[in-house]
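[1] for reference, the sequence and a predicted model appear below.
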Number of protein chains: 2
Amino acid sequence: MPREISHFAQKLNNFILLSEDELECLADLQTTPIHVQRGSELVHQGDTKQAAYILQAGWGCSSKLLPDGGRQIITFPLPGDCIGLRSVLLRTSDHSFSAVTDAIVTRVEVSRILRVFADYPYIGAAVLWAASRDEALIVEHLASVGRRNAVERTAHFFLELHDRLRLAGLASSGEFDCPLTQYLLADALGLSAIHVNRVLRELRERGLLTFQDRKATIHDHVALRQLSGYEALEEGPLMARGMEPQGTGR
Amino acid sequence: MPREISHFAQKLNNFILLSEDELECLADLQTTPIHVQRGSELVHQGDTKQAAYILQAGWGCSSKLLPDGGRQIITFPLPGDCIGLRSVLLRTSDHSFSAVTDAIVTRVEVSRILRVFADYPYIGAAVLWAASRDEALIVEHLASVGRRNAVERTAHFFLELHDRLRLAGLASSGEFDCPLTQYLLADALGLSAIHVNRVLRELRERGLLTFQDRKATIHDHVALRQLSGYEALEEGPLMARGMEPQGTGR
DNA sequence: CGACGCTTTGACACAACTCAACAACCGTGG
DNA sequence: CCACGGTTGTTGAGTTGTGTCAAAGCGTCG
């Protein structure tokens, strides 16, 4: 990994502006890339492991498998996102992670994480912030699956994805590459693949959103937001140096 | 608050056995109880606040309100659970918290949290563990709402609740008091209240589970687990002193 | 070329929702 | 004391959103 700003560092930078030292530390954390082939599983639900990963390139998919064979996709990690950070302290991983496209990840051991937290309190705070934001996305996802109908849910999903990709610098306004299949969408949205297809057609015919040939286009952002009740992600540096986290210094 | 082991300390103790000092610190954290009346809202979605709460007594309900008036209940906090820990670093609270029964909470400021994390690394690790477990519950909830039918979902919910209450010492095996209404259940399970009623009747008639008069009884634990695919919560001290968290010491 | 993965469409079934009504229970106030 | 409105639970009838099954179209890749 050449010493350039990683997606991960960029993401944390959204919370608090990082110093040269801290960027250095983050770079050290993300050495030795691991290549994961499209479709292969990096972490299997039930694994007893004590490491997290940072996704460097490609799209991922963390999902929960049900005894009856069904699965619920929790989120599609994008470059810069953490994988398995939640279950790092749990005895066993509560979910699986597999690669949607060919992907590159870097591994981070628990002990390493905790050491960095102790040595670089600002990084610790920023990671906690990122983890909080990711959890908020899961909560929003839960609300979507529980209380929105298929069309609203799908619209909401694409708006959120659009925002996440823009924050990661991977989407120009209104359009983005999206390697997801309708089956993956279905498992994420709690629908059947066939119904996803119908919903996508409806959104297309209503001139709101097109998802074809691995490319998604938002035609009517306003109408989609109105329809789905989507609220934009918080953006921009949120915390200035010298604020709260100072208490965590030694 | 008299100096006795709080529910919160008990919960953390499940992860790592706490020292006298640490128990003292936790006790100091939970002074000045705030009484919250049944039905009233302590935190409103969108609030810009920077404090978390610990639920000391009673049942809570954290939910997300949708623009169309619907709501999705994320979880029902029980004594010892944290409230708003996730959104403490976010600019605005992403969910509301209200009291299902008359309840008592204690408030913890962000600055306080971060200081404790720095001074008592074991507490920090234990809190992170608890937060991870809570997030795992939300993920499981998402899987439930997305991929289980009404009966499975309801069965799963009650098994989980039973386990959580047992860990908190609030349920004898197979039976527990449960102040939830069918409307609350509906908003948690992503169903209509009427359908919840029908599902409860079915579970009752099949001899699996009774929920009447604010009291829930698990009649056939095995069949319910089979039906819903529920997996028991991890239990017992998970981490010994001198393990990982030592890296976080000063 | 055939096989495979993904999308698209139609017909039908069923789970869950809505609407409507009523019963039981509560605390409150006359 | 009873009457009252409000909350919660219960049930039925009809509707609808979404799932299931089946089949065909279309790329791509070996």
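    Received it, and whenever you're ready, just let me know what you need. No experiment lies behind these values; they were computed from the predicted model shown.
[2] now check the helix of greatest length in chain A, is it near chain B?
    Of all the segments assigned as helix in chain A under DSSP state H, the longest by residue count is helix A:121-147. Yes: contact of helix A:121-147 with chain B (Cβ under 8 Å from any Cβ of the partner chain) involves A:121, A:125, A:128-129, A:132-133, A:135-136, A:138-143, A:145-147. For the C-beta atoms, the positions are set from N, CA and C on the backbone; glycine is no exception.
[3] list of residues touching stretch A:30-43?
    Stretch A:30-43 is contacted by residues A:1, A:6, A:8, A:49, A:53-54, A:56, A:58, A:83-84, A:93, A:95-108 when judged by Cβ atoms under 8 Å, 6 or more residues apart in numbering or on different chains.
[4] just stretch A:213-227 next, same as before
    A:151-152, A:155, A:158-159, A:161-162, A:174-179, A:207-211, A:230.
[5] are any of those buried, and if so which?
    The neighbour-count criterion (16 or more other Cβ atoms under 10 Å in any protein chain shown) marks A:151-152, A:155, A:158-159, A:161-162, A:176, A:178, A:208-211, A:230 among the contacts of stretch A:213-227 as buried.
[6] just to revisit the earlier point, just the ones of the contacts of stretch A:213-227 in strands?
    Among the contacts of stretch A:213-227, the members found in strands (DSSP state E) are A:175-177, A:209-211.
[7] ok, so of these, who is nearest A:Pro67?
    The nearest member of the ones in strands among the contacts of stretch A:213-227 to A:Pro67, counting by Cβ to Cβ, is A:Phe211 at 31.2 Å.
[8] so who does that closest one touch?
    A:158, A:178, A:200, A:203-204, A:217 are the contacts of A:Phe211 under Cβ under 8 Å, 6+ apart.
[9] could you measure from it over to A:Leu203?
    Look at A:Phe211 and A:Leu203: by Cβ to Cβ, to the nearest Å, they are 8 Å apart.
[10] and what of A:Thr32?
    42 Å.
[11] okay, those two: which has more neighbours?
    A:Leu203 (21 against 7; other Cβ atoms under 10 Å in any protein chain shown).
[12] how close does the closest residue to the more buried one other than its chain neighbours get to A:Ala216?
    Setting aside the residues directly before and after it, A:Leu203 is nearest to A:Leu209 in space (Cβ to Cβ, 6 or more residues apart in numbering or on different chains), at 4.5 Å. According to Cβ to Cβ, A:Leu209 stands 7 Å off from A:Ala216.
[13] then A:Ala155?
    Counting by Cβ to Cβ, the gap from A:Ala155 to A:Ala216 is 11 Å.
[14] please identify every residue contacting each of those two.
    Both A:Ala155 and A:Ala216 are contacted by A:Leu209, under the criterion Cβ under 8 Å, 6+ apart.
[15] check the offset of the lowest-mean-pLDDT helix or strand in chain A from the chain's centre.
    The weakest-scoring helix or strand in chain A, judged by mean pLDDT, DSSP states H and E, is helix A:110-119 (a mean of 90). Taking Cα atoms, centre = their mean, to the nearest Å, one finds the center of helix A:110-119 at 22 Å from the center of the full chain.
[16] what does stretch A:226-233 give?
    In terms of Cα atoms, centre = their mean, the gap separating the centre of stretch A:226-233 from the centre of its chain is 18 Å.
[17] that one near DNA strand D anywhere?
    No: using Cβ under 7 Å from any atom of the strand, stretch A:226-233 stays clear of DNA strand D, with a minimum separation of 12.6 Å.
[18] can I have that stretch written out in CSV, keeping just the CAs?
    Taking Å, rounded to 0.1, in the frame of the first residue of the first chain, the C-alpha atoms of stretch A:226-233 are listed here in CSV:
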residue,chain,number,x,y,z
GLN,A,226,-40.2,12.5,-0.7
LEU,A,227,-41.3,8.9,-1.5
SER,A,228,-38.9,7.1,0.8
GLY,A,229,-38.5,9.5,3.6
TYR,A,230,-34.7,9.4,3.2
GLU,A,231,-32.6,11.8,5.2
ALA,A,232,-29.1,12.7,4.0
LEU,A,233,-26.1,11.6,5.9
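[19] okay, now the domains of chain A?
    A:7-139, A:147-228 (automatic domain parsing).
[20] including distance to DNA strand C, could those go into CSV?
    Output for the domains of chain A, formatted as CSV (distance: least, Cβ to the nearest atom of the strand, whole Å):
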stretch, distance to DNA strand C
domain A:7-139, 8
domain A:147-228, 3
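[21] deepest of those, which one?
    Most buried of the domains of chain A by mean neighbour count (mean count of other Cβ atoms under 10 Å in any protein chain shown) is domain A:7-139; its value is a mean of 19.
[22] is DNA strand D contacted by that domain?
    No: judged by Cβ under 7 Å from any atom of the strand, domain A:7-139 makes no contact with DNA strand D; its nearest approach is 8.4 Å.
[23] the closest residue in space to A:Ala126 that isn't next to it in sequence is in what secondary structure piece?
    Spatial nearest neighbour of A:Ala126, chain neighbours left out: A:Leu12 (4.0 Å); criterion: Cβ to Cβ, 6+ apart. For A:Leu12, the enclosing helix or strand under DSSP states H and E is helix A:7-13.
[24] tell me the mean pLDDT for that helix?
    Taken as a whole, helix A:7-13 has a mean pLDDT of 93.
[25] what's the answer for stretch A:32-48, then?
    Stretch A:32-48 shows a mean pLDDT of 94.
[26] low pLDDT regions in chain A?
    Low-confidence segments of chain A (pLDDT under 70): A:1-3, A:236-238, A:242-250.
[27] among the ones in strands among the contacts of stretch A:213-227, which two are most distant?
    Largest separation among these by Cβ to Cβ: A:Asp177 and A:Leu209, giving 14.8 Å.
[28] would you say A:Ile194 is within a helix?
    Yes: according to DSSP: H, G, I helix; E, B strand; the rest coil, the state of A:Ile194 is that of a helix.
[29] show me the contacts for it.
    If you count contacts by Cβ under 8 Å, 6+ apart, then A:Ile194 has nothing around it.
[30] how close does it get to A:Arg201?
    11 Å.
[31] on the three-state scheme, A:Ala52 is what?
    Three-state call for A:Ala52 (three-state DSSP): strand.
[32] what residues does it make contact with?
    With Cβ under 8 Å, 6+ apart, A:Ala52 has these contacts: A:82-85, A:88, A:107-108, A:110, A:113.
[33] can you tell me which of these end up in helices?
    A:110, A:113.
[34] any chance of the contacts of A:Ala52 in a markdown table, plus distance to B:Gly69?
    Compiled in a markdown table, those are given as follows (distance: Cβ to Cβ, whole Å):
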| residue | distance to B:Gly69 |
| --- | --- |
| A:Cys82 | 35 |
| A:Ile83 | 36 |
| A:Gly84 | 37 |
| A:Leu85 | 34 |
| A:Val88 | 38 |
| A:Arg107 | 45 |
| A:Val108 | 43 |
| A:Val110 | 43 |
| A:Ile113 | 42 |
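[35] redo the contacts of A:Ala52 as CSV? Include distance to chain B.
    CSV is the format used below for the contacts of A:Ala52 (distance: Cβ to the nearest Cβ, whole Å):
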residue, distance to chain B
A:Cys82, 13
A:Ile83, 14
A:Gly84, 10
A:Leu85, 9
A:Val88, 7
A:Arg107, 16
A:Val108, 13
A:Val110, 6
A:Ile113, 9
